[in-house]
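Show me how the following folds:
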Amino acid sequence: MREITAAVAVTALDETRQDEAQALADRLGLPFLPDVDSTDTGWTALLQYTEQGLQLQQTAAKKRPGPVWVDFVSGAVAHRRKFGGGSGQMIAKAVGIKSGVRPRVLDVTAGLGRDGFVLATLGCDVTLLERSPIIHALLEDGLKRATECLEIQDIIQRIRLLPADSIEWLQNAEPESYPVIYLDPMFPHSDKSAQVKKEMALFQAVVGEDNDDAELLEMAWPVAENRLVVKRPRKAPCIEGMAFSHQLMGKSTRYDIYTRKKLG
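Predicted coordinates for the structure are as follows:
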């Protein structure tokens with residue numbers, strides 16, 4: 001797991017969750033603040049337990065944006081699950097979903113888990129790797145809350161979350177042990193929505209920037225049995241080091257696909 005270098009503390013806005021906040025602070029090696037003003041700019045961000053779940057709130061920004069948290073039950077993720085187009089979505093085509101084929105997917109850049117959740121919704125068994133202890137904690141909390149929703153329990157059961165540095169994990173993985181490996185390296189996507197910009201700014205402030213895309217691609221390729229899929233902004237450069245087999249192009253996003261052999 002990546003070391004936490006940003007000034008982050010743990011607190012609980014929901015008084016009934018003080019013990020959980022203390023336990024998380026101890027686990028992550030972060031300060032626990034029983035009472036804190038969320039506008040205190042002495043911290044880069046606060047991991048705070050609320051009635052809705054664990055949230056990451058940036059404090060040091062001039063215009064303090066709202067919190068970031070993982071929600072698989074409602075909001076945009078739920079809308080996509082119900083109305084996103086099913087197996088006709090570009091991500092489904094990118095990983096090779098088709099009639100009778102639902103490949104196991106290793107997502108080595110889990111982030112907030114949205115793409116992994118989409119793939120699990122479509123029937124894939126998905127393993128998420130996340131190296132930031134803070135983002136892992138948000139994912140863990142989001143998955144835990146999601147198991148309480150009967151409507152998506154079967155989906156959540158197809159998701160496995162591991163706290164791991166992807167490059168180190170891949171170095172120790174068996175060759176060709178996952179049919180599909182999925183990468184979405186941190187890169188400013190052309191989506192200009194306030195939510196995306198807020199999340200990117202928070203990730204860069206708390207997690208830092210990823211500068212090891214080429215190494216991650218190199219380490220992932222031997223572990224991919226059938227294909228490796230890289231999500232990129234449509235106009236972004238390809239990751240250096242390997243030539244893709246083909247691409248799928250969307251309005252703002254594309255998928256660079258590295259094929260070893262056919263699925264199914």
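
distance of residue 166 from residue 46?
According to CB to CB, to the nearest Å, residue 166 stands 27 Å off from residue 46. Yep, even glycine has a C-beta here, placed from its N, CA and C like the rest.

next one: residue 120
As defined by CB to CB, residue 120 lies at a distance of 30 Å from residue 46.

where does the protein have low pLDDT?
Within the chain, the ranges that satisfy pLDDT under 70 run 37-41, 60-64, 187-198, 209.

Where do the strands of the chain begin and end?
All strands of the chain, identified by DSSP state E, fall at 8-12, 45-49, 54-58, 105-107, 126-130, 159-163, 178-183, 224-233, 246-249, 253-259.

Only the buried residues of the last one, if you could.
It refers to strand 253-259. The neighbour-count check on strand 253-259 (16 or more other CB atoms under 10 Å) flags 253, 254, 255, 256, 257, 258 as buried.

residues in contact with the most centrally placed residue in the chain?
Note on the chain: the residue nearest the mean C-alpha position is residue 111, at 1.9 Å, using CA atoms, centre = their mean. Residue 111 is in contact with 130, 135, 184, 186, 203, counting by CB atoms under 8 Å, 6 or more residues apart in numbering.

can you count the residues close to the fourth one?
Just to be clear, that refers to residue 186. Using other CB atoms under 10 Å, residue 186 is surrounded by 16 other residues.

For the nearest residue to it once chain neighbours are set aside, give me its contacts.
Leaving aside its sequence neighbours, residue 186 sits nearest to residue 210 (CB to CB, 6 or more residues apart in numbering; 4.5 Å). For residue 210, the contacting residues are 109, 185, 186, by CB under 8 Å, 6+ apart.

let's see it at 10 Å
Going by CB atoms under 10 Å, 6 or more residues apart in numbering, residue 210 touches 109, 131, 166, 185, 186, 187, 203, 204, 216.
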